[in-house]
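Q: When you get a sec, could you give me coordinates for this:
(chains A and B)
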Amino acid sequence: MIRIYNTLSREKEIFKAITPKKVNMYVCGPTVYNYIHIGNARSAIAFDVVRRYLEYRGYDVKYVSNFTDVDDKIINRAREEGVDEMTIANKYATAFDEDTLPLNIRPASVRSRATEVIPDIITFVQDLVTKGYAYESQGDVYFRAKKFHGYGILAHQDLAEMEANAAGRLNDEEMTRKEDPIDFAVWKASHSEEEISWQSPWGKGRPGWHIECSVMSQKYLANTLDIHGGGIDLAFPHHTNEMAQSEARTGQKFVNYWMHNGFVNVNNEKMSKSLGNFTTLHDMLANYDDPMTIRYFLATTQYRRPINYSSETLEQARGALDRIRTGYRNLLFRMDNAVVGSDSTIEDEIKQHVRDFEFAMDDDFNTPNALASVFELVTLANTYTDENEVKKATAELLLESISTMMGIFGVDGLADRSELTTEQKSLLEARVVARQMHNFELSDQLRNQLRDLGISVEDTATGQRWKHER
RNA sequence: GGUAAUAUAGCCAAGUGGUAAGGCAACGGUCUGCAAAACCGUCAUCGCCGGUUCGACUCCGGUUAUUACCUCCA
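A: The predicted model follows:
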């Protein structure tokens, strides 16, 4: 039984899929006007973990996400660089795919761009106008927020308050275009020949920000979604508006479980351009040699909690991940002389830790608790490695359990699979001989040589072991 | 101002009405030719003040601090 915290009810609710063993989930993707930052990566990772765990639990998950490729920020960026909007969008959409790959973020089942669904958007907006939920005004089309019963409940905002705030913010011109300050644009008129636009019943223009997600989720999934996710800042206005539009059009509940991930702060401050602490994933990957540590770091805090990113917290993550990797490799090393058979006591313990892991993940994807079970397994792996006799089936079960759980976090490559050079191999062989002859001076010298070549050597009861130093 | 969230050891981070998981770091020990890895052990009374209770860190009230959202930022 999986429980999920629903932003709408502010409670953990028992998860029940609309169709048994199938999950339709939609996660808001980035606006492709720049490289994604570490916060975008966190969001993508959080929902990648949700997806992986649901699949582990036997659900067939259809995961739809978007690229917002038409929007003010893209238009501005294009103007700055003197290129057209699609050049910008294509560049950063490609960069998204390239940068999320080393973090092991699985591609969406469907990744759609706003510009690919323009006809659907226009139809959607027309429906809203027909139903009286939207109105045209000077080429723009606005949604009548107040006509939608329950507007703002997702973000738990007070309607009158929002209205007053919005009124204070808008200029006179905007006020005259809108019937009410809290109305939001579903279609925006084009004001310049140069900017990208499409022909519509209301003249040339482009979609409002929120409409694409409503359209795509309905087009690629269904009227009612099992799960809709995104950053907590999207609860208002983005998801609030999506919900209003979608439910206004279909008359059906839009989303069963609203999930929102917490922010990534940098050195305890909100990441923002004005503070100069805006860290793109692109730069981070270029300056850090272990992407799996980044993945581990971002995946192992509970998704609703904020993460504080600093060089110190990242290094701590690396140390913790190294403990898991080492335990895994320690056991893998013993596989060579493992004997046929199994140890039922050990296997019972393994199974208990796996159950604990599942129990933690079932509780709103409590990754820190789940991780504790992984560490229990690692300790078990290490103590088992120290035994005189290791049984093959049991060792395999341990290895498999650890890699499966880490795989749910999206952390792969626990074993060191890189090859040795001929030089490294011969040095290692020479060192084995030196040690057999108790020539420790030579063996220490060879160990230093190997270290300089990036190989660390350890002596164990069952022989010499090496690994690549990172 | 409104609405929320958070406050647990040097750091990160769980958790529960009955006296605090896990990890990093540190220290002591075992093992080792040395080392490494590993193992064993040590290391907090849960922001502050009240209240409820046989008993609270866990519930209630207040208070302080930090953070977020309040129209386009994940």
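
Q: Quick one: low-confidence residue ranges for chain A.
A: Counting by pLDDT under 70, chain A contains low-confidence ranges at A:273-276, A:470.

Q: give me the residue from it nearest RNA strand B.
A: For chain A, the residue positioned closest to RNA strand B under C-beta to the nearest atom of the strand is A:Gly231, at a distance of 1.3 Å. From N, CA and C alone the C-beta is placed, and that goes for glycine too.

Q: ok, the nearest residue to that residue once chain neighbours are set aside - contacts?
A: Distances taken as C-beta to C-beta, 6 or more residues apart in numbering place A:Ser43 nearest to A:Gly231, at 5.1 Å, with adjacent residues excluded. By C-beta atoms under 8 Å, 6 or more residues apart in numbering, the contact list for A:Ser43 reads A:Val27, A:Cys28, A:Gly229, A:Gly230, A:Gly231, A:Asn261.

Q: export those residues to JSON lines and tack on secondary structure?
A: Putting those into JSON lines (DSSP: H, G, I helix; E, B strand; the rest coil) gives the following:
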{"residue": "A:Val27", "secondary structure": "strand"}
{"residue": "A:Cys28", "secondary structure": "coil"}
{"residue": "A:Gly229", "secondary structure": "strand"}
{"residue": "A:Gly230", "secondary structure": "strand"}
{"residue": "A:Gly231", "secondary structure": "strand"}
{"residue": "A:Asn261", "secondary structure": "strand"}
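
Q: name the helices or strands packed onto the lengthiest helix in chain A?
A: Identified as the longest helix of chain A according to DSSP state H is helix A:311-334. Secondary-structure packing of helix A:311-334 (3 or more C-beta pairs under 8 Å, 6 or more residues apart in numbering; DSSP states H and E): helix A:291-299, helix A:367-385, helix A:392-409.

Q: Of those, flag the one that's most buried.
A: Per-stretch averages of neighbours, counted by mean count of other C-beta atoms under 10 Å, single out helix A:291-299 among those, with a mean of 23.

Q: Quick check: residues of the stretch 351-470 of chain A near RNA strand B?
A: For the stretch 351-470 of chain A, the residues in contact with RNA strand B (C-beta under 7 Å from any atom of the strand) are A:363, A:366, A:368-369, A:371-372, A:375-376, A:378-379, A:382-383, A:385-386, A:435, A:440, A:443-444, A:456-460.

Q: just to revisit the earlier point, and the angle from the longest helix of chain A to helix A:392-409?
A: Helix A:311-334 and helix A:392-409 are oriented at 160 degrees to each other (axes from the mean of the first three to the mean of the last three C-alpha atoms, to 10 degrees).

Q: near RNA strand B at all, helix A:311-334?
A: Yes. Counting by C-beta under 7 Å from any atom of the strand, RNA strand B has neighbours in helix A:311-334: A:Glu312, A:Thr313, A:Glu315, A:Gln316, A:Gly319, A:Ala320, A:Arg323, A:Thr326, A:Gly327, A:Asn330.

Q: Count the neighbours of the fourth one for me.
A: To tie it back to what came earlier, the one meant is A:Gln316. 13 (other C-beta atoms under 10 Å).

Q: can you check the fifth one too?
A: The criterion is other C-beta under 10 Å. On that basis, A:Gly319 has 9 neighbouring residues.

Q: List the contacts of it.
A: A:Gly319 neighbours (C-beta under 8 Å, 6+ apart): none.

Q: In which helix or strand does A:Ser217 reside?
A: Under the criterion of DSSP states H and E, A:Ser217 resides in helix A:211-220.

Q: Quick check: end-to-end length of stretch A:383-395?
A: Start-to-end span of stretch A:383-395 (C-alpha to C-alpha, to the nearest Å) is 12 Å.

Q: re earlier: immediately after the longest helix of chain A, which helix or strand?
A: On the C-terminal side of helix A:311-334, the nearest following helix or strand under DSSP H and E is helix A:344-362.

Q: Run the chain-centre distance for that next one.
A: Relative to its parent chain, helix A:344-362 has a centroid offset of 26 Å by C-alpha atoms, centre = their mean, to the nearest Å.

Q: Which elements pack onto that helix?
A: Judged by 3+ C-beta pairs under 8 Å, 6+ apart, the packing partners of helix A:344-362 are helix A:367-385, helix A:392-409.

Q: Recalculate using a threshold of 10 Å.
A: helix A:38-56, helix A:367-385, helix A:392-409 (3 or more C-beta pairs under 10 Å, 6 or more residues apart in numbering; DSSP states H and E).

Q: can you list those in JSON lines and add distance to A:Arg431?
A: As requested, the helices and strands packed on helix A:344-362 are arranged in JSON lines below (distance: least, C-beta to C-beta, whole Å):
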{"stretch": "helix A:38-56", "distance to A:Arg431": "41"}
{"stretch": "helix A:367-385", "distance to A:Arg431": "22"}
{"stretch": "helix A:392-409", "distance to A:Arg431": "26"}
